[in-house]
Structures are given as structure tokens and as C-alpha cells.
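Peer 1: Only the shape, not the letters, is given here:
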């Protein structure tokens, strides 16, 4: 997976999230994705990730701005650094 591919997925996520379409935003994640969140929790799988973002919206974080960092291949997996700014 290239930086450009990840960056495009991030732009799709931003657009969907910022339009209130959380389920569509989360669809950009792989089925076995993990999110290491600012609250130091790990959310694994699409259901947990969708709940995390739905809760964020309920808490007033209705807009995001993503900044794609490094994309590192680790065997058949990828470690993707993304700065996630919500407001």
C-alpha cells in the first residue's frame, strides 16, 4: 500500500465523517483494522471502530482533519501513522 493510496483513503474518510456519514467513513478501514486512539484504548474491527467514531460525534467532534504520515509495511500488514485532528 502506497502513501498515495492511504492519503486518498484519508480524504474519503474526512469527506464522509465531516458529512456525518460515519458508517461510510469507517468502510475505508480493513476488516481487521486497529485504531490506537488518543484515549489510549485500542479499537479493533469495524464495529468497535464505528462505535468509537460515533461516540466522538456524539461528544461534539463533528469535523476531522487527517494528516497522512508514514506508511510502513510489516510483513503482510501495514503500520500507518495518521494525525487525527477533531473539532
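Peer 2: That came through fine. As the structure is a prediction and not an experimental result, all values here were calculated from the model.
Peer 1: What helices and strands are in contact with the longest helix seen in the chain?
Peer 2: The residue-count maximum for a helix in the chain (DSSP state H) belongs to helix 3-18. If contacts are counted by 3 or more Cβ pairs under 8 Å, 6 or more residues apart in numbering; DSSP states H and E, helix 3-18 sits against helix 22-26, strand 64-74, strand 77-86. For the C-beta atoms, the positions are set from N, CA and C on the backbone; glycine is no exception.
Peer 1: Which strands and helices lie in contact with the last one?
Peer 2: Which is strand 77-86. helix 3-18, strand 64-74.
Peer 1: quick one, it and strand 64-74 angle?
Peer 2: 170 degrees (axes from the mean of the first three to the mean of the last three Cα atoms, to 10 degrees).
Peer 1: Would you list the strands that strand 77-86 pairs with, along with their directions?
Peer 2: strand 64-74 (antiparallel) (DSSP bridges).
Peer 1: Of all the helices and strands packed on strand 77-86, which one is nearest residue 49?
Peer 2: helix 3-18 (10.9 Å; Cβ to Cβ).
Peer 1: which outside residues touch the closest one?
Peer 2: 22, 24-25, 27-28, 53, 62-66, 68, 71, 80, 82 (Cβ atoms under 8 Å, 6 or more residues apart in numbering).
Peer 1: Buried only: go through those for me.
Peer 2: Neighbour-count burial (16 or more other Cβ atoms under 10 Å) is assigned, among those, to 22, 25, 28, 53, 64, 66, 68, 71, 80, 82.
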